[in-house]
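Test case, fold it:
(one chain, ligands or ions: 1)
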Amino acid sequence: MSNNRFINPYNFVPFDKEPDRTTSNDTERKNTGFFDVTIKLKTDLIIPDGKKLDFDWETPIPAKDNKKHGHYRFFRLNGKPAIPGSSLRGMVRSVFEAASNSCLPFLLDDSFTMRSPAKKKGREEQGSWKSIMGKYSPCTDIDELCPACRLFGTTEAAKESKNGNGSLPVKGLKGRVRFTDALPTQPIKEDDIQACTLQILAEPRPTAFEFYLNKPNVENATYWNCKHYIIDGKQKERQDSKLVPRGRKFYWHSRPKPAKVKKGNMNATMECLIGGSTDFQFQVYFDGITDTELKQLEWALTFGENDADGRYCHKLGHARPLGYGSVKLTIDRITLRKLRWEGNRLISSTETVENPPKDFKYCWKNQEIIKALLKMADYDFSKNADRIDYPHLKDASSDDPCDDSCIFQWFVKNRKTRPINTLPDPLAIDLSLPKLEKEQKQNHKSNSKRW
Ligand SMILES: [Zn+2]
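Predicted coordinates:
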């Protein structure tokens, strides 16, 4: 791949036609117990504690910028770096959701605007993210939940009161899995934590429809958005009433790149834990889950490969598009609670599997989804780290990290390019996109809300 191309930091694991929603199966055997899990840090990890500090602990910067530039410590419990259980839960849930063809538990912006392709003045059209997501919108009926909402719980779905006596509907369903906070297994040395000034992070932009939405189902469309497309120079209305989103967003494994980044109000300096410095351990408790759910959960924790040196890894924490947060999870021990009757007494005991198998094979329904998910989880992909970058203009040098306006200009230029560039399928051999020439006239204002 030449210098004039880049690989976008994220791609999409495809959806099926609709989520697999079912009523609960109470006849299957249930399991209660917990996993002991180890986390190995493959790259540097950033878990900011959320409290913006108004002082600079490194080089002094001008007072004006200093006020705006945020500094964040690594999350700590009792003074020690830790990883909150909620972050681990979200990370594992997103893999479980993709593999089990579940709903999206929350949506991005409710609506967005885009420009009509044929109107020179750029008349704006509205698009609603919820209508685009269609059946993948969050579950609403407790009696018909997707596998992820059933296991991890939902705050959205409700159950209508059936007896009609005016009692309130039941809202939400508690999950049957609980993730503890993860603690380091070794003492953290002073050098293990470093302050990193990060490149500006581009936030999720659902309005970058050329990345987030599928192409219209017609040959040779040279431009499209969610309402129109252009073919042979003519604008046509999209007939596909149900627009198909590309799928679920995942980040490629990469590596943080050393770059001289200026401190400003658009970026932040954060404490980062150096890859390989320590492992972490935590527990996943499960209560009354079926044999099938147990196998699926083992798979979502390990990608089916229970080996600390394995290739399939999760992405955790902050700055994932910049190569931070590649982690490998392994299950060290499985503890199951066993109940048996002795006469008329119910006896509870535990059974522990100390050395669980090296793999947790589970056959998911849709193998095309699993193929894409495993490709995006493959840590070997980080060998492409030098090419992974946000959309880039041609003259932006690699030492000078692309900022928000540079990304914006790529999208502006791309929407004038025929055919318009779209994200390659994650299973494609060539995943690269071209850096585009800089516009000659620069009279557009940078309005990041539009892309
Ligand atoms: Zn759901």
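
hey, let's count contacts and neighbours off CA atoms from now on
Noted.

could you pull out the helices for the stretch 201-350 of the chain?
With helices called from DSSP state H, counting those that start in this stretch, the stretch 201-350 of the chain shows them at 209-212, 291-302.

Pipe these into CSV and attach distance to residue 85 per row.
Formatted as CSV, these follow (distance: least, CA to CA, whole Å):
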stretch, distance to residue 85
helix 209-212, 29
helix 291-302, 13
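
By mean pLDDT, show me the worst of those helices.
If those are sorted by mean pLDDT, helix 209-212 sits at the bottom with a mean of 73.

next one: it to chain centre, how far?
Relative to its chain's centre, helix 209-212 lies at 16 Å (CA atoms, centre = their mean, to the nearest Å).

Would you mind extracting the C-alpha trace of it into CSV?
The C-alpha trace of helix 209-212 is given here as CSV (Å, rounded to 0.1, in the frame of the first residue of the first chain):
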residue,chain,number,x,y,z
PHE,A,209,-23.2,8.2,6.3
GLU,A,210,-20.7,7.0,3.6
PHE,A,211,-19.1,5.0,6.4
TYR,A,212,-22.1,4.1,8.5
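
Could you show which parts of this protein are in contact with the ion?
103, 139, 146, 149 (CA under 5 Å from the ion).

Could you check how many residues crowd around the nearest residue to the third one once chain neighbours are set aside?
Distance criterion CA to CA, 6 or more residues apart in numbering; nearest residue to residue 146, sequence neighbours excluded, is residue 21 at 4.2 Å. Using other CA atoms under 10 Å as the criterion, residue 21 is surrounded by 19 other residues.

What's the first helix or strand after the least confident helix or strand in the chain by mean pLDDT?
Every helix and strand in the chain was compared by mean pLDDT, DSSP states H and E; the lowest is helix 63-68, with a mean of 56. Using DSSP states H and E, the helix or strand that directly follows helix 63-68 along the chain is strand 70-72.

so what does that following strand touch, helix or strand wise?
strand 268-273 (3 or more CA pairs under 8 Å, 6 or more residues apart in numbering; DSSP states H and E).

Which residue does the stretch 201-350 of the chain have closest to the ion?
Minimum separation of the stretch 201-350 of the chain from the ion (CA to the ion) falls at residue 248, amounting to 13.8 Å.

pretty sure that residue is touching residue 95, no?
No - in this structure, residue 248 is not within contact of residue 95 by CA atoms under 8 Å, at 9.7 Å.

higher neighbour count, those two?
Each of residue 248 and residue 95 has its neighbours counted (other CA under 10 Å); residue 95 has more, 24 against 18.

State the number of residues packed around the residue nearest to residue 84 when sequence neighbours are not counted.
Nearest non-adjacent residue to residue 84, counting by CA to CA, 6+ apart: residue 181, 4.5 Å away. For residue 181, the neighbour count with other CA under 10 Å is 19.

buried stuff in stretch 351-364?
Applying a neighbour-count criterion of 16 or more other CA atoms under 10 Å, one finds 360-361 buried in stretch 351-364.

Quick check: end-to-end length of it?
End-to-end span of stretch 351-364 (CA to CA, to the nearest Å): 27 Å.

Touching it from outside, list them.
99-100, 295-296, 298-299, 302-307, 331-338, 370 (CA atoms under 8 Å, 6 or more residues apart in numbering).

can you do 7 Å?
99-100, 295-296, 298-299, 304-307, 332-338 (CA atoms under 7 Å, 6 or more residues apart in numbering).

Now find how far off-centre that stretch is within its chain.
25 Å.

related to what we said a few turns ago, which members of the contacts of stretch 351-364 are classed as buried?
Buried subset of the contacts of stretch 351-364 (neighbour count, 16+ other CA under 10 Å): 99-100, 295-296, 298-299, 304-307, 332-336.

Restricted to strands, list those residues.
When DSSP state E is applied, those are split such that 332-336 fall in strands.

For residue 135, grab the count of nearby residues.
Counted with other CA under 10 Å, residue 135 comes out at 15.

How about residue 260?
Residue 260, neighbours per other CA under 10 Å, totals 12.

Show the contacting residues for the closest residue in space to residue 85 that isn't next to it in sequence.
Sequence neighbours aside, residue 181 is the residue nearest to residue 85 in space, at 4.1 Å (criterion: CA to CA, 6+ apart). By CA under 7 Å, 6+ apart, the contact list for residue 181 reads 82-85, 282.

Tell me the spacing between the residue lying closest to residue 359 once chain neighbours are set aside and residue 133.
Spatial nearest neighbour of residue 359, excluding adjacent residues (CA to CA, 6+ apart): residue 305 at 4.5 Å. Separation of residue 305 from residue 133 (CA to CA) stands at 32 Å.
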